[in-house]
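**Q** build me a structure from this.
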Amino acid sequence: MAVLEVLVYPDQRLTEISRPVEKFNESLLRFIADLEATMSAGPPSVGIAAPQVGRFERIVLIDVSCKPKIKNHGRLILINPKITDKDGSVVGREGCLSVPDYTGNVARWERIEVQALDKSGNPHVYNMEDFESRAVQHEMDHLDGLLFLDRLVSRRDGLFRRKVYGEKSSKTDS
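**A** The predicted structure follows:
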């Protein structure tokens, strides 16, 4: 497993739209292992998306199980994820491995239903809420070339300089 370089804003590659995964093979499994190693090696985060390391395929890793008392599905590999249902709206603070110096307030759907394939190509449906829902939406934005900066509730007072990256918090860092 290799730790991959994380692209950092304002790298223009972060605005690229990712293509669907079509081949489920050893190459995909090796990349997923590298993506997991990258997520584990960096500052604490609950997710990472393939475009953040320069691979423009629709692959997202999520694991919010490190947050106590948060309802979740554990560690997930979501390939070609699609939101098929959504409800509610809530504003929360987010951070990102690709925007290491800032956090910001972003409105997200409170509850979502996501259809995705696993690393073997098998379909799954997940009903997510609250923090897990936020983390998945954040990572899925990367697949469409968006950062949390593109979704700030206010450009004037919704962006905050991060004091120390990696400090313990309840923010979504992905």
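**Q** find the centremost residue of the protein, please.
**A** Among the residues of the chain, E139 comes closest to the average C-alpha position under Cα atoms, centre = their mean, at 2.3 Å.
**Q** just checking, what packs against the strand or helix carrying that residue?
**A** E139 belongs to helix 130-143 when elements are defined using DSSP states H and E. Using 3 or more Cβ pairs under 8 Å, 6 or more residues apart in numbering; DSSP states H and E as the contact test, the elements touching helix 130-143 are strand 47-49, strand 59-62, strand 76-96, strand 99-117, strand 172-173. The C-beta positions use only the backbone N, C-alpha and C, and glycine is treated the same way.
**Q** and the longest one with helix 130-143, angle?
**A** If you take axes from the mean of the first three to the mean of the last three Cα atoms, to 10 degrees, strand 76-96 sits at 90 degrees to helix 130-143.
**Q** give the rounded mean pLDDT of strand 76-96.
**A** In this model, strand 76-96 has an average pLDDT of 98.
**Q** and that strand, how far from the chain's centre?
**A** With Cα atoms, centre = their mean, to the nearest Å as the basis, strand 76-96 stands 8 Å off its chain's centre.
**Q** what residues of the helix ranked longest in the chain count as buried?
**A** The longest helix of the chain (DSSP state H) is helix 26-41. Neighbour counts over helix 26-41 (16 or more other Cβ atoms under 10 Å) mark L28, F31, I32, D34, L35, E36, T38, M39 as buried.
**Q** which residues sit against that helix?
**A** 1-4, 6, 21, 45, 47-48, 50, 53, 55, 59, 61, 63, 77, 119 (Cβ atoms under 8 Å, 6 or more residues apart in numbering).
**Q** 6 Å instead?
**A** For helix 26-41, contacts defined as Cβ atoms under 6 Å, 6 or more residues apart in numbering pick out M1, A2, V3, L4, S45, I48, V53, L61, I77, K119.
**Q** among these, who's most crowded?
**A** Highest neighbour count within the contacts of helix 26-41: I48, with 28 neighbours (other Cβ atoms under 10 Å).
**Q** pLDDT value on that one, please?
**A** The model reports I48 with a pLDDT of 98.
**Q** and K67, by the same measure?
**A** 85.
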